Structures are given as C-alpha cells and as structure tokens.
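**Student:** based on what follows, work out the 3D shape:
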Amino acid sequence: MPLRDRRPNILFITTDQHRGDCVGFAGRPVRTPHLDLLAQDGTVFDACICPNPVCQPTRASMITGLLPRTHGVCDNGIDLDPALAQSGFAATLAQAGYDTALIGKAHFSTFQTFAPTGTPECRQSMDRYGPNWCGPYMGFGYVELVVEGHNNFLPMPPPFGQNYDAWYYGDGRGELKNRLHREHVGPEDLRAPHTWHSALPVAWHNSTWVADRSIAFLNRRRNRPFCLWASIPDPHTPFDCPLPWSLLHAPDQVDLPPHWTRDLERRPWWHAASLDGVPNLTDPRLRQIRTHNSRAPELTEAQLRQIIANYYGMIALADHSVGRILTELHRLGLSEDTLVVFTADHGDWLGDHGLLLKGPMPYEGLLRVPCIMRGPGLPKGQVCSDPVSTLDMAATFADIAGVARPDHWHSRSLLPVARGEERRSFAYNEWDLSDSRCGVALNLRTVRTRRFKLTVEELSGAAEMYDLETDPNEMDNIADDPDHAATRRELEAMIRARPGDARRERLQATGIG
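**Tutor:** Below you'll find the model as predicted:
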C-alpha cells in the first residue's frame, strides 16, 4: 500500500456577496456560530478587500493569481481564458500531486450569453455535457457545479443544467421544488424588492447541496493531499432565504447602517450617472435582466429591515453548511493537517448611503469581505488589520503546499503576514466598466491602506477619498481637500505601482454575467 503524502490539505470555502462586517465576531447581530469558532481558532484579516467588486473578475483573480486587467475578465460577462486557468492555483497544485476539486458556484464563464459559447456554465450550451459530467474544468480535476445558484433563474431541467440541476430534478419533483421556491410563506406585509421567504425545504437548497457534496468528497479514500473549493452561492440576491432560517433574525431587531439615505450630491459624478443610466445592450431581455437584477429603488426603513433580516438568514444558513463541512473534516481526523480558508468574492452595500446590491461605488460594505485562516503554524485568535486582498489566495495555497509561486502571479502569500513575518501597506482594486453595465463607461482604480481609501475614475480624473479612521462611514469626500493633498499623492503612487502587464485591448464580452 503506497504511503500517504503528508503535505497539508487545503479547504477553501467561499460565499457570494457577503460583507466583511456581516459575521457574528465582527459585531453585527448575525448568527454565525461556526465562523465565529473558526475565527477563534485561526487568524482573521479584518481589512481584506476584493480585487474587483463583482463576481467573475474576482473569481478569475482568485484562481489565476492575476489582477483583472491582466487576466482580462474586467467585468461580468467576460469569460476567463482556460489557458490562463492552466497556470492558476488549481492546475499548479494538480501538477504538484494534489487532488483538486470545486463544488458549487464557479462563475469562471458567463451564464447569460448573447449566443452559445460552448462552456459548461453557459445556459445555452450546458446540454453538450450530460448529467454525469464532472470536469476537468479550469485546472480542477473534479467539479460538481451549481450554475448561477442565486435563484434569479430556477435550476434548468435536463438536458440542460449541471450537477446540482441534475440532482434537483433527478427525483421527479423538480416542478414541485420550483413552485415551493417561488412561494412566499413569510409575513404578509413584506414589500421589500428582491425579497421573499421561500417555501423550498432546506434539504433541497443549494447551500445544503454544496455541503453534502463537499462532505462526500472529503470521505473519498486517497493517498495524496487535496485542495477543495467549496463555493456557496448565497447570500447573493435575490433575498430568498427559506423558512425557518428566514425568520431567525427579526426585522425590528436588526441593525441599520449609520447612514441609509442617498446623498448623491456629496459624491463624484459617476455615482448618480450609474444609477440613472440605461445599460447599452441591444437585446431587450438581457437589458432588462441587468437593469432589474443589479438595481433597487430607494428603500423605506421597514423595507431595509426586511432585507437585512433575510440577508442575515441566508448567511446563517451558509454558516450552518460551513459548520457541517468543518465537523466532517474533524471527524475524519483531517483538521490538524488542513489549511482552512473562508472568504467571499465581494460584499453588498446593504443600505449604505441608500444603496443596495453592488455597482461602481466602492464603499467598504462592497469591497471588504470576511477572511479567516486556520491551519498548521498559524496563530489562533489573532486579528490582522493589514490591508490584504483575496487576490492573494493562489499564492497562499501554493505556499502551504510547498509549491513554487509562478513568477507572473500578482498574488502573494498571506501566511507570512499571518505569522507576523511580513507587513502589507495597501491593497488594490480595479474595475473597467463598459456602458453595457449601467449606461456609462468607467475605469475605476481603488487603493486602500489601513487608514485611507482613494478611488480615481481615470477617464474623467474625478476621485473620492475617505479617512477610514476618523470617518468610517465614508461621509466626507476629502479627495480635493488641500489638507490631504500629500496623502492623495501617496495613494496615487500606490495605484501607479500596479504591475505593467495589463492588457491593451478589452476582451470581447460574451454576455452579461
């Protein structure tokens, strides 16, 4: 019998559209007992931001170790080049002997496309793969996919759909599940947009399925280490938490943002322009999807409370799934030999400045995500406030595996930061939007230090800057304040320090996301 390879395992767990402050240990009244325990047993990076504020670019950055303008996925609706994924962390670890898998939401390719693209995530070409397809995909040797997973669109019946869809319809009760999912069974006075209390039983929910399939993967017999990405699609909109989790947080007991009304007169021009603009898309169906799914009207206090309560319920259900996975890891005797990382792709405004969902206003609620690491040699119960990025996941995984970091990666390992051997002074975020997103083209460059955050819109030169120490709610834009001119110059130099390998031409969009 061959000897077992004793290199550490890697368990990478992510949620989607999950704010960095929306975990119990961060102080907000959301129930996340398993993430709270993980934080007690590991290191929390409480100033971790995403490299881009939407799904596809950040996920492409996490897997490739590259910034968005280098890998080319600078917005949703642009597919990641599979050749780039072959030099990302999954392929790198697989080549080094790791058993690599992704279970849940990938979103490396576009769901809603202009035409069939042939990828396993394209809703118009998934039928080419069959119900038993399990990869390989984007460097992962094994995948079980939830395509989209946010229930803006129901799972697709065979021959379309992927692994979750096949399971969902496999017992012949798919139409019953669809009816229950669309059924609102919560309070009758619910009037909040994008929000309902779903009647779908939790056993059929995709958060549960990701945990079920991840547990099955952990139970496979193997003689080599594994790298598993368990990717939970929630708490992304719509806010459709199923009973009874949707009732776990009472709307009259949730906390509201300190400032939850719109104040566009205090902001750079592109804030209002992006809210008022019409996506420049010729396909009326896709234009309606983008307009409806990425915007919300101004909210009353009652509506915002209902949304936050439902969002907290989605997080609590995701936390329950995290707990099930971690419990099985312990039962199998694998905890001590496994690096566990929990984070998210991006956040949500969740009422900050009267905004909901996500867009080109890089407030902390959107940029900052939870980030917890537990594993061999890492401090327990530690909080690190250095500004870091989820871009750094790839190099962190290579580091713990003892694999050389490819020279072209922008990603840098967070392990020496967690151990206090290295410091970080800033983290960087970039987003190039065409007018197909919100009717106006923008090139946004954001840098965040411990104390300050600067965003420059490069096409117009407009900027916003906040002192996060004295103004944590980002009320006063000091970008043009003479008293902070020297600080702004320092931050602009950090933006210019970005490696010079950005693509010269924008990749062609294949759809909207």
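
**Student:** hey, let's count contacts and neighbours off CA atoms from now on
**Tutor:** Noted.

**Student:** average pLDDT across stretch 242-256?
**Tutor:** Averaging pLDDT along stretch 242-256 gives 97.

**Student:** please begin residue numbering at 45 from this point
**Tutor:** Okay, residue one is now 45; in that scheme the one you just asked about reads as stretch 286-300.

**Student:** how far does that stretch sit from the chain's center?
**Tutor:** 22 Å (C-alpha atoms, centre = their mean, to the nearest Å).

**Student:** contacts for that stretch, please.
**Tutor:** With contact meaning C-alpha atoms under 8 Å, 6 or more residues apart in numbering, stretch 286-300 is reached by 72-74, 225, 229-230, 241-246, 346, 348-350, 352-354, 356-358, 360-361, 395.

**Student:** what about these, which are in helices?
**Tutor:** Per DSSP state H, helices hold the following members of the contacts of stretch 286-300: 225, 346, 348-350, 352-354, 356-358, 360-361.

**Student:** can you turn the buried part of those into a PyMOL selection?
**Tutor:** Buried residues among those (16 or more other C-alpha atoms under 10 Å), as a PyMOL selection:
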select buried, resi 225+348+349+350+352+353+354+356+357+358+360+361
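
**Student:** quick check, nearest of the ones in helices among the contacts of stretch 286-300 to G185?
**Tutor:** L361 (28.3 Å; C-alpha to C-alpha).

**Student:** near the residue nearest to that closest one when sequence neighbours are not counted, how many other residues are there?
**Tutor:** Ranked by C-alpha to C-alpha, 6 or more residues apart in numbering and with sequence neighbours excluded, the top spatial neighbour of L361 is W289, at 6.5 Å. Residues lying near W289 (other C-alpha atoms under 10 Å) number 19.

**Student:** next one: phi and psi at W289?
**Tutor:** Backbone torsions for W289, taken as degrees, to the nearest 10, come to phi -60, psi -30.

**Student:** mind checking how far it is from L146?
**Tutor:** Going from W289 to L146 by C-alpha to C-alpha, to the nearest Å gives 26 Å.

**Student:** K424 too?
**Tutor:** 27 Å.

**Student:** same question for F386.
**Tutor:** 14 Å.

**Student:** the more surrounded of the two?
**Tutor:** Shown here are F386 and L146; by other C-alpha under 10 Å, L146 has more neighbours (29 against 23).

**Student:** who does that one bridge with?
**Tutor:** V187, W273 (DSSP bridges).

**Student:** for it, give me its contacts.
**Tutor:** Contacts for L146 (C-alpha under 8 Å, 6+ apart) come out as 184, 186-189, 272-275.

**Student:** so A135, which state does it fall into?
**Tutor:** helix (DSSP: H, G, I helix; E, B strand; the rest coil).

**Student:** how far away is it from I259?
**Tutor:** Distance, A135 to I259, by C-alpha to C-alpha: 22 Å.

**Student:** quick one on the thing from earlier: and of the contacts of L146, the nearest to P160?
**Tutor:** L189 (18.3 Å).

**Student:** hmm, the closest one is touching A150, no?
**Tutor:** Yes. Proximity of L189 to A150 meets the contact threshold set by C-alpha atoms under 8 Å, at 6.9 Å.

**Student:** and L370, how close does it get to I147?
**Tutor:** 15 Å.

**Student:** for the stretch 245-394 of the chain, which segments count as helices?
**Tutor:** 250-262, 313-320, 328-337, 345-375 (DSSP state H, counting those that start in this stretch).

**Student:** run the angle between the last one and helix 250-262 for me.
**Tutor:** Think helix 345-375. Here helix 345-375 runs at an angle of 10 degrees relative to helix 250-262 (axes from the mean of the first three to the mean of the last three C-alpha atoms, to 10 degrees).

**Student:** ranking the helices of the stretch 245-394 of the chain by mean pLDDT, which is last?
**Tutor:** Mean pLDDT is lowest for helix 328-337 among the helices of the stretch 245-394 of the chain, at a mean of 84.

**Student:** got any ranges where this protein has weak pLDDT?
**Tutor:** 45-47 (pLDDT under 70).

**Student:** what's the closest non-adjacent residue to the residue nearest the centre of the chain?
**Tutor:** Centroid-nearest residue in the chain, with C-alpha atoms, centre = their mean: D389, separated by 1.7 Å. Sequence neighbours aside, D60 is the residue nearest to D389 in space, at 5.6 Å (criterion: C-alpha to C-alpha, 6+ apart).

**Student:** how close does the one you found sit to G193?
**Tutor:** Going from D60 to G193 by C-alpha to C-alpha gives 10 Å.

**Student:** just to revisit the earlier point, what sits against the residue nearest to D389?
**Tutor:** Applying C-alpha under 8 Å, 6+ apart to D60 gives the contacts 99, 276-280, 388-391.

**Student:** buried ones among those?
**Tutor:** 99, 276-280, 388-391.

**Student:** isn't A135 right next to A129, touching?
**Tutor:** Yes. With contact defined as C-alpha under 8 Å, A135 reaches A129; the gap is 7.1 Å.

**Student:** distance of the closest residue to H238 other than its chain neighbours relative to V384?
**Tutor:** Closest residue to H238 apart from its sequence neighbours, by C-alpha to C-alpha, 6+ apart: P282 at 4.9 Å. Taking C-alpha to C-alpha as the measure, P282 falls 28 Å from V384.

**Student:** and if you look at A506?
**Tutor:** Going from A506 to V384 by C-alpha to C-alpha gives 40 Å.

**Student:** those two: which is more packed in?
**Tutor:** Neighbours were counted for A506 and for V384 using other C-alpha under 10 Å; V384 has more, 21 against 15.

**Student:** quick check: bridge partners of that one?
**Tutor:** Applying DSSP bridges to V384 gives these bridge partners: L55, R418.

**Student:** now do the phi/psi pair for G68.
**Tutor:** When read as degrees, to the nearest 10, the backbone of G68 gives phi -60, psi -40.

**Student:** so what's it up against?
**Tutor:** 74-77, 79-80.

**Student:** quick check: G483 vs P406, distance?
**Tutor:** Separation of G483 from P406 (C-alpha to C-alpha): 18 Å.

**Student:** the more surrounded of those two?
**Tutor:** More crowded of G483 and P406, by other C-alpha under 10 Å: P406, with 23 against 18.

**Student:** OK, contacts around that one?
**Tutor:** The contact partners of P406, by C-alpha under 8 Å, 6+ apart, come to 97, 490, 499.

**Student:** part of a strand, is the last one?
**Tutor:** Think T499. Yes. Assignment of T499 by three-state DSSP places it within a strand.

**Student:** wait, it touches T493, no?
**Tutor:** No. Using C-alpha under 8 Å, T499 makes no contact with T493, being 12.0 Å away.

**Student:** give me the more crowded residue out of the two.
**Tutor:** T499 (26 against 21).

**Student:** counting neighbours, what do you get for the spatially closest residue to that one that is not a sequence neighbour?
**Tutor:** Nearest non-adjacent residue to T499, counting by C-alpha to C-alpha, 6+ apart: T490, 4.2 Å away. Neighbours of T490 under the rule other C-alpha under 10 Å: 25.

**Student:** for T490, give me phi and psi.
**Tutor:** As for T490, its main-chain torsions (degrees, to the nearest 10) stand at phi -120, psi 140.

**Student:** re earlier: when A135 and I259 are compared, which one has more neighbours?
**Tutor:** Taking other C-alpha under 10 Å, A135 and I259 do not tie; A135 has more neighbours (22 against 18).
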